[in-house]
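*Asks:* Got a predicted structure here, sequence first:
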Amino acid sequence: MTAPAAEALRVGELRPSQLLHTYGIGAVTDLPNLSTMVRGLDDWDPVRARVLTEDRLLAAVRRRLGSQVAALRTPPHMPEDPADPYGEWTRTGVPVGLFPRWLRCSRERCNQLAPASGGLFQLKKNPYRPEKTKYVHVNCGGPGPGQPTALPARFLVACPEGHMDDFPWVYFVHRGDSSCEGHTLSLTESGTTGEAANVFVRCSCGVPPRSMADALGQAGERNLPACRGHHPHLGTFAQGGCQEPTRTMVLGATNSWFASQLKLFSIPRAEEPLTQAVKEHWSLLSPLAAVPADAAKMLLPTQACWPELEQYGADAVWTAVTKEAQAVAGDQGEEDEEFDLTTPEWRAFTHPRDHALPDFTTVRERQLPDHTADWLDSVVLVHRLREVSALTGFTRIEAPEWLPGEETGARSVAPLSRNAPTWVPCAELRGEGVFLALKEERLAEWEQQEAVLAREEMLKAAHWGWCVARRVEPRWPGIRYVLLHTLAHVLIRQFALECGYGASGIAERVYARSGPDPMSGILLYTAAPDSEGTLGGLVSLGRSERLGRAISQALEEARLCSSDPMCAEHDPRVHSRLHGAGCHACLFAAETSCERGNHYLDRALLVETLADDKCAFRP
């Protein structure tokens, strides 16, 4: 991570996966002594950014962002042990800018508040220990020796359209009058709780101090200026301003940035590893198909994908390239499937044959667990899988909601660059998992039960109210999805007790669709950014002799919740919630685990509860 100035300065470190899930473009990154914002793609240097090949994901990204997107790239790679701390390596990384730009002196009895560019604070660089780089109050008049650290102001303003700005300190303390000049501001605290009611903004001009609790009241009471439509990560302002009211946020608030992503698993396109590799890298290899054989074999080692293909030899690779070229020429194609991220995965997991590829190794369990034959169709142990995710934008205040493979339903997704992006950042993870497919006949019969249909109408009514309140197009995922999603959460909690991974490290993928080409399954998996992935804890738990006991225990635990009867009797229509019988005590999972933000969950659909014993799939 480096500052995006002409004189680049390294100020901290982040893992590549964090740049997609936690501290992506437009997110505020809280470093030990600085608070920064990751800048847009226009300021990135993609020279050290490795290109990832995943045609299905690239097609989906193009559908969302436009056909100008030409590549998926990992974040820029930085040397691990540079010899010269002042050398060119300091300019390699992810560019950031100081944000918020208002700082406060940390010395007691000073607490002076001013913008970093005002000359009051000075940047103190430490190239040998980047985490020590900080701003200091040079001429602090408070008691104590040395130069105290200047800390970032702890309040910001944002709006649901993705804009963010510094808190209007002068405007706020003067209650709408910004004409005060030549005076100094301070931010002081009284008491020990640190809550907003005990934080006061003061001006030396003598105006009465104002509590920050006023900035968190109702819209008409906050006395904040209109949103300027500012995107700090791009350095731009919305043309004509922004019509949304601003909202005060605390620095580091979890709702200040939500990633809008597309993700998928690498699935086999051929049974032979060489053919699979050629298909994966076809965008790079296809130009060689028109070159004479001898020249093409000489050009193969110059391709970026050659390290992966070298083990097979140039002759074998060229033969595979020519076969793929013939197949592509005669292929009529199914263009719609290129944008469907779930159907190809469902078919790969339910394929009757096992797969043994470097990024997709599956073994179908020959025997179903005890007491599951009436509803479980198959269990597949996924020894190896590769997940690739791409960042396509972000939201603030409200998290984006979408079904896998569909367009985002959020009101506004903030852009990643000032101009249409030609590439997007992505990350790849490798790991393992367990795939469960339910019997379609049993599930279709359950969907038509009167009690289930009545429960669905109640959940749909709450869903409609939730969407209307947020001006989101209602897209009901279906009662089948709610059931499978609930089953996934129940199993995540139980698996975490036995497999060796924490609950936050186990993620889900739900395959749910009714109609002529139905899907009914869940994948529970864990993945890590290293090359080897994980250690087999989930796969071992997926074997029939252990899985049956785990499922039975999970369903039994789901029948009762420590918050019952309130949890079981919860009516989602009262406050337009997206979950029925479910809460933090029984169903909710970590943000890293759930693909839908703990929405669309209902224990009453899966097991009998204290309030409902008529629509349970597993009575």
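*Replies:* Done, it's in. Numbers count the residues shown, from 1 in each chain.
*Asks:* S260 and G26, how far apart?
*Replies:* Distance of S260 to G26, given as Cβ to Cβ, to the nearest Å: 11 Å. (Each C-beta comes from the backbone N, C-alpha and C, glycine too.)
*Asks:* And those two? Which one has more around it.
*Replies:* For S260 versus G26, the count of surrounding residues by other Cβ atoms under 10 Å is larger for G26: 27 against 21.
*Asks:* and V61, what is it in contact with?
*Replies:* Contacts for V61 (Cβ atoms under 8 Å, 6 or more residues apart in numbering) come out as 69, 72, 262, 390, 392, 424.
*Asks:* Run through the stretch 501-619 of the chain and note the low-pLDDT ranges.
*Replies:* In the predicted model of the stretch 501-619 of the chain, residues 530-533, 619 satisfy pLDDT under 70.
*Asks:* which residues in it form helices?
*Replies:* When secondary structure is read from DSSP state H, counting those that start in this stretch, the stretch 501-619 of the chain shows helices at 537-541, 544-559.
*Asks:* Alpha carbons only: can I get the first one in CSV?
*Replies:* Looking back up the chat, that one is helix 537-541. In CSV, the C-alpha atoms belonging to helix 537-541 read as follows (Å, rounded to 0.1, in the frame of the first residue of the first chain):
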residue,chain,number,x,y,z
GLY,A,537,-11.2,-31.0,7.7
LEU,A,538,-14.4,-30.4,5.8
VAL,A,539,-13.8,-33.4,3.5
SER,A,540,-13.3,-35.8,6.3
LEU,A,541,-16.5,-34.6,8.0
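*Asks:* re earlier: any common contacting residues for S260 and G26?
*Replies:* Shared contacts of S260 and G26 (Cβ under 8 Å, 6+ apart): F394.
*Asks:* V250 contacts P152, doesn't it?
*Replies:* No. Contact criterion Cβ atoms under 8 Å: V250 and P152 do not qualify, at 11.4 Å.
*Asks:* of the two, who's got more company?
*Replies:* Counting neighbours by other Cβ under 10 Å for V250 and for P152 shows that P152 has the greater number, 24 against 14.
*Asks:* List the beta-bridge partners for that one.
*Replies:* With DSSP bridges as the criterion, P152 is bridged to L103.
*Asks:* shouldn't it be in contact with L103?
*Replies:* Yes. With contact defined as Cβ under 8 Å, P152 and L103 form a contacting pair (6.1 Å).
*Asks:* give me every residue that touches the nearest residue to P168 once chain neighbours are set aside.
*Replies:* Sequence neighbours aside, P225 is the residue nearest to P168 in space, at 5.5 Å (criterion: Cβ to Cβ, 6 or more residues apart in numbering). P225 is in contact with 168, 171, 246, counting by Cβ under 8 Å, 6+ apart.
*Asks:* Which members of these are positioned in helices?
*Replies:* Y171 (DSSP state H).
*Asks:* which among the contacts of P225 end up buried?
*Replies:* Among those, those buried by neighbour count (16 or more other Cβ atoms under 10 Å) are 168, 246.
*Asks:* Between helix 544-559 and the longest strand that the chain contains, find me the angle.
*Replies:* The residue-count maximum for a strand in the chain (DSSP state E) belongs to strand 376-395. Angle, strand 376-395 to helix 544-559, by axes from the mean of the first three to the mean of the last three Cα atoms, to 10 degrees: 60 degrees.
*Asks:* Centre of the chain to strand 376-395, how far?
*Replies:* Averaging C-alpha positions (Cα atoms, centre = their mean, to the nearest Å) puts strand 376-395 13 Å from its chain's average.
*Asks:* continuing past it, what's the next helix or strand?
*Replies:* Going down the chain from strand 376-395, the next helix or strand is strand 423-438, by DSSP states H and E.
*Asks:* strands paired with that next one, and their directions?
*Replies:* Partners of strand 423-438 in the sheet, by DSSP bridges, are strand 71-73 (parallel), strand 376-395 (antiparallel), strand 519-528 (antiparallel).
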